[in-house]
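# My questions are about this predicted structure, shown below with the sequence.
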Amino acid sequence: MKPHLIIKLNNQDENPRYDYWETLINDKSNLSKSFVPNIDAIINKTYKIDFIASQNYKSKDKKWSPEEIRSGLDRIYRLILLTNNTTIPQQLIDDISFLPNVVYVHEGQITTSDIPRQELAATQSLSSKYSDNAIYLKEGHLWTKGHPRD
């Protein structure tokens with residue numbers, strides 16, 4: 001798996017727009033191998049690494065909502081580094097973090113989990129009796145059934 005960098009930019013008049021990173025896995029028609037000039041210079045020229053730029057989050061609708069923009073979700077990007085080295089140099093992260101247009105940068109994490117087979121999923125869920133005991137339901141009913149007293 002290729003290493004990923006997560007970068008949040010400061011609020012600028014025009015932040016770059018890219019496809020959502022998971023979309024790019026299946027549809028590579030809109031790949032962009034450039035991001036913002038000062039970050040491109042560090043990754044491409046200093047460290048000699050190519051990358052694919054993408055949005056880290058997907059907007060709820062076709063356009064970012066005012067709430068999503070206010071929270072900065074539209075300014076968080078995922079750069080997929082096109083290298084066989086899975087370790088990102090700490091100095092690369094430090095170099096990017098010192099730039100004035102960067103809020104933060106860190107290594108991206110991807111985790112996967114197998115979905116259990118249907119017949120196993122039912123046996124792994126908590127029983128109702130266990131849940132009732134966990135919240136002391138029986139003891140609670142000794143005190144009240146939840147009805148207001150007259």
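On my side now, so go ahead. Residues are numbered from 1 along each chain as shown.

# from here on, contacts and neighbour counts on C-alpha atoms
Will do.

# For the residue positioned nearest the centre of the chain, give me its contacts.
What sits nearest the mean C-alpha location of the chain, by Cα atoms, centre = their mean, is Asn56, with 5.7 Å. By Cα atoms under 8 Å, 6 or more residues apart in numbering, Asn56 lies in contact with Ile6, Tyr20, Trp21, Ile76, Tyr77, Arg78.

# can you check Asn10 too?
Applying Cα under 8 Å, 6+ apart to Asn10 gives the contacts Arg75, Asn101, Val102, Val103.

# so where do the helices sit in this structure?
According to DSSP state H, the chain carries its helices in the segments 21-26, 37-40, 66-71, 90-97, 118-124, 128-134, 137-143.

# what is the mean pLDDT for the shortest one?
This points to helix 37-40. If you average the pLDDT over helix 37-40, you get 95.

# related to what we said a few turns ago, for the residue nearest to the centre of the chain, phi and psi?
When read as degrees, to the nearest 10, the backbone of Asn56 gives phi -80, psi -30.

# quick one on the thing from earlier: check the contacts of Asn56 and tell me the two furthest apart.
Greatest spatial distance among these (Cα to Cα): Ile6 and Tyr20, at 12.7 Å.

# mind listing what Tyr18 touches?
By Cα under 8 Å, 6+ apart, Tyr18 lies in contact with Asn30, Ser32, Ala53, Ser54, Gln55.

# Weed out the non-buried ones from those residues.
Neighbour counting over the contacts of Tyr18 (16 or more other Cα atoms under 10 Å) leaves Ala53, Ser54, Gln55 as the buried ones.

# now those in JSON lines, with pLDDT and distance to Ile88?
As requested, the buried ones among the contacts of Tyr18 are exported to JSON lines (pLDDT from 0 to 100; distance: Cα to Cα, whole Å):
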{"residue": "Ala53", "pLDDT": "96", "distance to Ile88": "16"}
{"residue": "Ser54", "pLDDT": "95", "distance to Ile88": "18"}
{"residue": "Gln55", "pLDDT": "95", "distance to Ile88": "19"}
